[in-house]
Each structure stands twice: as C-alpha cells, then as structure tokens.
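**Student:** Return atomic coordinates for the entry below.
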Amino acid sequence: MKPIDLRLYAIVDAERAGGYALADLARRVAEGGATLVQLRDKHSETRAMVEAARAIKAALAPFAIPFVVNDRVDVALAVGADGVHVGLDDMTAEDARALLGPDAIIGLSIKTVEQAAAAPVERIDYAGIGGVYATTSKEQNSAPIGPEGFARVAEVLRSRAPSLPLCGIAGIDAGNAAAVIAAGADGVAVISALSLSADPAAAARSLRDIVDAVLAKRGT
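**Tutor:** Model (predicted):
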C-alpha cells in the first residue's frame, strides 16, 4: 500500500466549477495546500474529458500532487494520471488495479459497515467514506451518516487494514471538517467549499489549517 496524503482531497467537478476552468481551479487549490486532486465529470464526452484531464495534469505538474480521475479508467490511462477513484457501481477496484498496474493509486467509495466488511482492502490505496453530510454536488440515495457513522465504517476498515488512509466525503466545509477528522479521518474530500469560494486558494488554506490542527491534536 502506497502512502497517500488525504489531508485535503480537492475534487474538481465540471458541474460545480464556480465559473473557473478546471485546470485553473486545480492550480488554485494546489497553491492553497491540496494534497490530492480528482477530476469528477459524469456527463462530458470522452474526448472532452481527456482534454480536461490533460490540462489539469499539466497545471498540477509544478506541485507534485497526485492526480486521479473519478470512475474513468480509460481517461486515466490516456493521460497518464496517477490513478482512479471508483464507486461500487463503477469498474471494480480489482479490475482497475489489473488495468492500471501496481503503482497506480486506487481509491474506493464506501458508505456502510457492510461494504467496509466486504471491500477489497488489499487492492486499494485509500477509502472515501460517506456521504458524511448532505450535499448538492452529487445525488444522495441515502441519508448522511454524520461523523458517528464515519467512525463506525472506519472502525471496520481499520480492523481489516490498520494503515489504510481514510477520508470523509460529501458536504464538508470549514465549519464541519474538524468533526470529521476528530471522528478518525485522515483527511477530507471537498468540492463546493473550494470551487464556489471567491478565492479557492484561500479556502484551501483555511481547510488545510483546520485539518492539520486536529491531526496534530490527535497526534498523527
């Protein structure tokens, strides 16, 4: 398992970009302290998504921050991304690993204790747990699990893979990020609190400061 820094996992989403070009948004959040960047795009045609992914990868090059693509293993392969993030309805983590190889970053979304108990922890490099809070960035088919639910899912994953990095997903901002870290997360995945800010770099710095402070208090 590769060491993955999830402290501020910035997701740039074509539908929630706040008027910014995705590559510019990625650059701004990287300047503010993002430690991992994901491209999420559920609707663009493949060619357009490849072009966007290439531009984001180029924008992140000076920062040495890993770049992953949500769901689309083919796009990740085409642009030489560092890996992918998959959900339970996407390509399996095992198949993504087989296609992308042992050095790729593979992340997996997990919502429930049952999913945590069955997750292929030996094939993934981190897990995103949630939705922790309500969000408008993606459709939620189940109620938010809150920090308490995060802690329950995390406990199951850590019983199986103690060093697996975990982040909270959905509805996380400067007002509630500390509670997610206090519940056991290694970091937070954020869309709107960055992209819809008047200053995404400043918003990223604020969130990183919050996460780092709680992690320091926790002794990690």
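**Student:** can you list the residues that contact the longest helix along the chain?
**Tutor:** Longest helix in the chain, counting residues (DSSP state H): helix 200-218. When contacts are defined by C-beta atoms under 8 Å, 6 or more residues apart in numbering, helix 200-218 is touched by residues 7-8, 10, 18, 20, 25, 28-35, 173-174, 177-178, 181-182, 186-188, 190, 193-194, 197. Using the backbone N, CA and C atoms, a C-beta is placed for each residue, glycine as well.
**Student:** Just the buried ones from those residues?
**Tutor:** Neighbour counting by 16 or more other C-beta atoms under 10 Å classes 7-8, 10, 20, 25, 28-30, 32-35, 173, 177-178, 181, 186-188, 190, 193-194, 197 among those as buried.
**Student:** returning to that earlier point: sort out for me which of the contacts of helix 200-218 are in strands.
**Tutor:** Residues from the contacts of helix 200-218 lying in strands, with DSSP state E as the criterion: 8, 10, 187-188, 190.
**Student:** got TSV for these, with pLDDT too?
**Tutor:** Formatted as TSV, the ones in strands among the contacts of helix 200-218 follow (pLDDT from 0 to 100):
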residue	pLDDT
Leu8	98
Ala10	98
Gly187	98
Val188	98
Val190	97
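**Student:** Share the number of residues neighbouring Asp90, please.
**Tutor:** Asp90: 17 surrounding residues under other C-beta atoms under 10 Å.
**Student:** wait, it sits on Asp74?
**Tutor:** No. Counting by C-beta atoms under 8 Å, Asp90 does not reach Asp74; the two are 11.8 Å apart.
**Student:** Who are the contact partners of the nearest residue to Tyr9 once chain neighbours are set aside?
**Tutor:** Nearest residue to Tyr9, sequence neighbours excluded (C-beta to C-beta, 6 or more residues apart in numbering): Ala189, at 4.1 Å. Ala189 sits next to 6, 9-11, 38, 128, 130, 167-170, 172 when contact means C-beta under 8 Å, 6+ apart.
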